[in-house]
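Visitor: need a structure here:
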Amino acid sequence: QVQLVESGGDLVQPGESLRLSCVGSGFPFSQYAMRWFRQTPGRDREFLTSITADGGVTMYANSVKGRFTISRDNAENTVFLQMNNLRPEDTAVYYCSARRPTGPTTIDTKWGQGTQVIVSS
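Guide: Next up, the predicted model:
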């Protein structure tokens with residue numbers, strides 16, 4: 001059974017940190033690029049960051065650059081999102097996604113169920 005399971009969401013105060021985890025199973029995790037997104041009610045899902053299959057290249061949205069860090073442990077089939085200096089506007093459901101091209105024009109994409117992060121004093 002193919003699964004991506006996020007964890008680590010919590011209620012924190014502004015300025016605090018959280019580390020989200022996403023564990024993959026049922027597919028060759030180390031062959032997939034991984035991404036983190038977030039979504040709030042009434043808004044489109046927002047891309048945050050990505051990491052290549054080998055972990056060699058990362059990209060960040062401007063909204064989180066310098067505060068969030070993506071990393072992965074392919075031996076544990078896990079991708080992490082370290083979030084520092086959290087702000088109320090970071091409140092959202094956070095999703096991880098696995099992505100791999102399967103042909104010239106096709107891409108296999110998998111999604112987790114999300115984990116809630118609330119930043120509030």
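Visitor: alpha carbons only for contacts and neighbour counts from here, please
Guide: OK.
Visitor: where's the residue nearest the centre of the chain, which helix or strand?
Guide: The centre of the chain sits closest to residue 36, judged by Cα atoms, centre = their mean, with a distance of 2.5 Å. Element membership of residue 36 [criterion: DSSP states H and E] is strand 33-39.
Visitor: elements contacting that strand?
Guide: Applying 3 or more Cα pairs under 8 Å, 6 or more residues apart in numbering; DSSP states H and E, one finds that strand 33-39 contacts strand 46-51, strand 92-101.
Visitor: one more pass at 10 Å, please.
Guide: strand 18-25, strand 46-51, strand 58-60, strand 68-73, strand 78-83, strand 92-101, strand 107-111, strand 115-119 (3 or more Cα pairs under 10 Å, 6 or more residues apart in numbering; DSSP states H and E).
Visitor: could those strands be laid out in a markdown table, adding distance to residue 1?
Guide: Shown next, in a markdown table, are the helices and strands packed on strand 33-39 (distance: least, Cα to Cα, whole Å):
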| stretch | distance to residue 1 |
| --- | --- |
| strand 18-25 | 7 |
| strand 46-51 | 24 |
| strand 58-60 | 28 |
| strand 68-73 | 20 |
| strand 78-83 | 16 |
| strand 92-101 | 15 |
| strand 107-111 | 12 |
| strand 115-119 | 20 |
